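[1] how would this look folded up:
(one chain, ligands or ions: 2)
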Amino acid sequence: MADIIIKNAYILTMDPDREDIENGVVVIEDGKIKEIGKSTESKADKEIDAGGNVVMPGLVNTHCHAGMTLFRGYADDMPLQDWLENHIWPAEAKVSDEDIYIGTQLACLEMIRSGTTAFADMYIHMDKVAQAVDESGIRAALSYGMIDFGDKEKADVELEEGSRFVREWNGKADGRITTMYGPHAPNTCSRDFLIRVKEQAVKDNVRIHIHVLETEAELNYMKEQFGVCSIHFLKDIDFWGDDVLAAHCIWLSDGDIKILAEHGVNISHNVTSNMKLASGIAPVAKLLAVGANVSLGTDGCASNNNLDMFEEMKTAALLQKVSIMDPTVLPARQVLEMATVNGAKALGIKSGMIKEEYNADLIIVDMNKPHLTPAYDIASHMVYAANGRDVKTTIVNGKILMENYEVRCLDEQSIIEKMKKTSKDLVSRINS
Ligand SMILES: CSC[C@H]1O[C@@H](n2cnc3c(O)ncnc32)[C@H](O)[C@@H]1O
Ligand SMILES: [Zn+2]
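    Numbering: from 1, shown residues only. Ligands and ions are numbered 1, 2, ... in the order given. Okay, the predicted model is just below:
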């Protein structure tokens with residue numbers, strides 16, 4: 001007996017070996033996709049009639065600071081350095097475990113509502129992040145964000161905390177939680193520290209999540225300090241590999257692009273955050289053209305200001321087209337691939353496709369909407385016309401987290417109320 005059968009679905013498989021299936025079925029058992037096709041002989045405890053709506057892989061957000069929902073709209077309209085040093089970091093110094101817990105609960109709620117089934121996170125108070133992820137039912141690759149600023153004692157403390165977190169949470173929550181090392185960036189972490197982090201990550205067999213070349217200021221700093229850009233600097237210390245998830249990668253030369261592709265580095269393109277902070281335009285079309293694995297991320301809510309991956313898909317496509325003045329770059333299917341297949345590859349999870357034996361991480365998108373009518377091309381609609389509010393049902397690891405717009409795994413109203421109170425308390429703490 002299977003757990004769930006979804007019938008009457010337009011299945012957007014995202015599997016390169018399998019075309020979309022109209023009027024299809026998806027059979028789910030033990031957290032995995034057991035069968036897909038036109039019909040099935042299987043029986044299940046639960047049947048969902050998709051009503052002709054779209055069933056597709058859940059979206060994978062490959063760069064987030066989930067707890068930063070706490071700072072949604074807190075410090076807008078300024079460049080990265082001023083934003084981080086004068087607003088965000090002083091505020092983060094005042095947050096408590098409980099603040100991060102509620103911030104992450106809200107983020108999970110927002111992601112589940114808008115069709116994200118897995119995300120990569122780098123932040124602080126990570127035990128609370130992991131607890132919120134565990135309880136929500138979502139999937140995540142979590143890392144404690146480490147900064148040493150060249151201070152040896154701080155480096156030891158940060159690496160110890162990063163390692164403790166990696167060991168304590170890897171594989172927890174029925175395997176929904178995996179862990180990574182999270183050195184913040186090449187201009188906030190010392191060379192020695194980055195070497196130690198890489199060694200430790202290899203030893204522990206986990207991946208690394210890092211910000212790279214997000215700003216021109218970082219590029220200039222690295223050239224002044226080390227005579228090379230961050231890409232060459234990290235190459236020289238043997239940091240690069242397919243175990244690395246590099247967020248942003250905006251200020252790249254053609255040579256840098258080649259290095260990233262040759263080393264199989266996973267690159268998270270965080271287009272809305274890059275536009276809001278006016279950090280620059282990442283050369284996504286060039287990266288994809290040389291075979292680099294580029295996925296999509298929202299970044300934190302203070303630089304976005306939401307976690308809607310449908311918005312990221314549309315904005316990523318439009319910005320590349322206009323920046324290169326070529327409407328053929330990043331067509332809808334390729335953007336969908338970035339948000340699903342490539343994202344899953346970046347996190348090292350068997351998700352991102354509707355395919356037998358893959359994790360049952362999938363969503364149902366409600367097509368019965370004025371802005372989705374008519375529907376000539378489903379992939380086009382998912383990228384250019386739909387938004388996160390069109391997601392009707394979200395399933396992760398074979399568990400229904402939201403059905404017919406009703407979130408089951410979290411108490412939505414209580415989380416919203418708690419965040420309203422928490423944000424008021426936090427602002428008075430920051431200003432005191
Ligand atoms: C030490 S935990 C992670 C750290 O990163 C900060 N952060 C959030 N968004 C960005 C960004 O776009 N670039 C660099 N750093 C960012 C976050 O506030 C945490 O302090
Ligand atoms: Zn970030």
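[2] pick out the residue of the protein closest to ligand 1.
    residue 145 (2.2 Å; CB to the nearest ligand atom). For glycine as for every other residue, the C-beta is placed from the backbone atoms N, C-alpha and C.
[3] which residues touch that residue?
    65, 122-124, 182, 184 (CB atoms under 8 Å, 6 or more residues apart in numbering).
[4] by neighbour count, which of the residues you listed wins?
    Counting neighbours by other CB atoms under 10 Å, residue 182 leads the contacts of residue 145 with 30 neighbours.
[5] could you say which helix or strand holds that residue?
    strand 177-183 (DSSP states H and E).
[6] I'd like the next helix or strand past that strand.
    Next element after strand 177-183 (DSSP H and E): helix 191-204.
[7] and for stretch 191-201, what's in contact with it?
    So stretch 191-201 is in contact with 146, 148, 152, 155, 158-159, 162-163, 180-181, 183, 186, 189, 207-208, 226, 233-234, 237-239, 243, going by CB under 8 Å, 6+ apart.
[8] please indicate which of those residues are buried?
    For those, a burial check counting by 16 or more other CB atoms under 10 Å picks out 146, 148, 155, 158-159, 162-163, 180-181, 183, 186, 189, 207-208, 233-234, 239, 243.
[9] circling back to that earlier point, in helices only, show me the contacts of stretch 191-201.
    Counting by DSSP state H, these place 152, 155, 158-159, 162-163, 226, 233-234 in helices.
[10] now, the most widely separated pair of the residues you listed?
    Spanning the widest gap among the ones in helices among the contacts of stretch 191-201 are 163 and 226, at 26.3 Å by CB to CB.
[11] run a quick neighbour tally on residue 308.
    Count around residue 308 with other CB under 10 Å applied: 23.
[12] for it, which non-adjacent residue is spatially closest?
    What sits nearest to residue 308 in space, not counting adjacent residues and going by CB to CB, 6 or more residues apart in numbering, is residue 388, at 3.9 Å.
[13] what is the neighbour count of the one you found?
    Applying other CB under 10 Å, I find that residue 388 has 21 neighbouring residues.
[14] my read: it touches residue 312, true?
    No: in this structure, residue 388 is not within contact of residue 312 by CB atoms under 8 Å, at 10.0 Å.
[15] how about residues contacting stretch 108-117?
    57-61, 66, 69, 119, 132-133, 136-139, 306-310, 351, 361-363, 365, 387-389, 391, 394-396, 401-402, 407, 409-410, 412, 415.
[16] run the chain-centre distance for it.
    Between the centre of stretch 108-117 and the centre of its chain there are 11 Å (CA atoms, centre = their mean, to the nearest Å).
[17] same question, stretch 223-243
    Distance, centroid of stretch 223-243 to centroid of chain: 24 Å (CA atoms, centre = their mean).
[18] then stretch 61-79?
    13 Å.
[19] same thing with stretch 418-427?
    Taking mean C-alpha positions (CA atoms, centre = their mean), stretch 418-427 and its chain are 25 Å apart.
[20] alpha carbons of that stretch, as PDB, please.
    The C-alpha atoms that make up stretch 418-427 are tabulated as PDB, following Å, rounded to 0.1, in the frame of the first residue of the first chain:
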ATOM      1  CA  LYS A 418       4.800  35.900  17.900                       C
ATOM      2  CA  MET A 419       6.900  37.600  15.200                       C
ATOM      3  CA  LYS A 420       4.900  40.900  15.600                       C
ATOM      4  CA  LYS A 421       5.700  40.900  19.300                       C
ATOM      5  CA  THR A 422       9.300  39.700  18.900                       C
ATOM      6  CA  SER A 423      10.100  42.400  16.400                       C
ATOM      7  CA  LYS A 424       8.900  45.100  18.700                       C
ATOM      8  CA  ASP A 425      11.000  43.700  21.600                       C
ATOM      9  CA  LEU A 426      14.000  43.400  19.400                       C
ATOM     10  CA  VAL A 427      13.900  46.900  18.100                       C
END
